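Just to be clear, the model below is a prediction. Sequence and coordinates:
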Amino acid sequence: MPVHRRHGAILLALALTLPLFKDARAQTSGDLTLVSEYAGRGVALYTRPALQLRVEHDTAAGWYGGAFASPVTFDNRTQGQLTAYAGGARRLTSTLSWDAGVTRNTYLRDGRRNYHEFYAGVALQRASVRVFYSPAYYGEGRSVYLDLSGAYPLSDTLRLAAHVGVLHPFAYDGVAAKDSADVRIALVTDVGDITLQAGWQARWRTYLPDFPKPRAFTASASYHF
């Protein structure tokens with residue numbers, strides 16, 4: 001699996017393990033990941049260690065589609081999350097590319113939380129910028145999420161990955177809500193087909209006050225196939 005795809009899985013801005021950019025060849029790939037806690041965009045979706053699965057297929061024409069599965073907990077009820085996504089990517093230059101697509105998040109025991117997002121962005125070899133728009137984020141009001149992610153090599157086997165996100169909700173329960181933000185910094189290394197990461201995460205305010213705050217320490221191990 002190419003290194004850039006591993007960056008996408010580690011940074012999780014997600015919708016969920018999208019790569020920084022795509023190879024122009026047909027391939028099917030996947031990740032089986034053990035996380036210390038399932039957290040994203042400044043909220044903890046599952047506060048215990050969780051096993052997650054992602055499978056994706058890319059075409060030579062630049063189109064891709066995939067699915068992601070993980071346990072989540074809403075209102076003290078554990079259930080499954082299934083996320084399907086599809087999109088297209090194109091290279092503009094040897095180092096610059098763009099992609100756009102849509103994701104659909106489905107919660108098996110609480111359909112009120114289901115939502116979809118449209119996204120678009122650009123990526124360099126070591127960084128990406130994406131904007132996500134949802135008409136009903138977690139079943140609530142419209143929202144826009146800005147995702148800034150990147151990775152910097154520290155050595156042949158170690159790299160520093162970073163993510164900053166800003167969520168702008170247009171309304172929450174019919175009332176205008178304030179922006180929120182989250183940040184994550186992690187050290188990442190590859191051992192054969194396994195990627196290990198450990199890092200720190202934090203949030204500034206939250207759009208979803210009924211969701212718990214994630215722990216500051218985060219870690220995961222991903223097997224790529």
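That came through fine.

Look up how far Glu56 lies from the closest residue to Thr59 other than its chain neighbours.
Closest residue to Thr59 in three dimensions, ignoring its sequence neighbours and counting by CB to CB, 6 or more residues apart in numbering: Ala26, at 5.2 Å. Quick note: C-beta positions are derived from backbone N, CA and C, even for glycine. Here Ala26 is placed at a distance of 12 Å from Glu56 (CB to CB, to the nearest Å).

Neighbour count: those two, which is higher?
Between Ala26 and Glu56, counting by other CB atoms under 10 Å, Glu56 is the more crowded of the two (23 against 12).

what about that one, helix or strand, and which?
In this assignment (DSSP states H and E), Glu56 forms part of strand 50-58.

Report the next helix or strand after that strand in sequence order.
Going down the chain from strand 50-58, the next helix or strand is strand 63-74, by DSSP H and E.

report the angle between the axes of the helix or strand that that following strand is followed by and strand 50-58?
Following strand 63-74 in sequence order, the next helix or strand is strand 77-91 (DSSP H and E). For strand 77-91 against strand 50-58, the angle by axes from the mean of the first three to the mean of the last three CA atoms, to 10 degrees is 30 degrees.

just the strands in this protein please.
Ranges of strands in the chain, per DSSP state E, are 27-35, 38-40, 43-46, 50-58, 63-74, 77-91, 97-107, 115-123, 127-134, 143-153, 158-169, 180-191, 194-204, 217-224.

For the first one, buried residues please.
Okay, so that is strand 27-35. Buried residues in strand 27-35, defined by neighbour count with 16 or more other CB atoms under 10 Å: 29-31, 33, 35.
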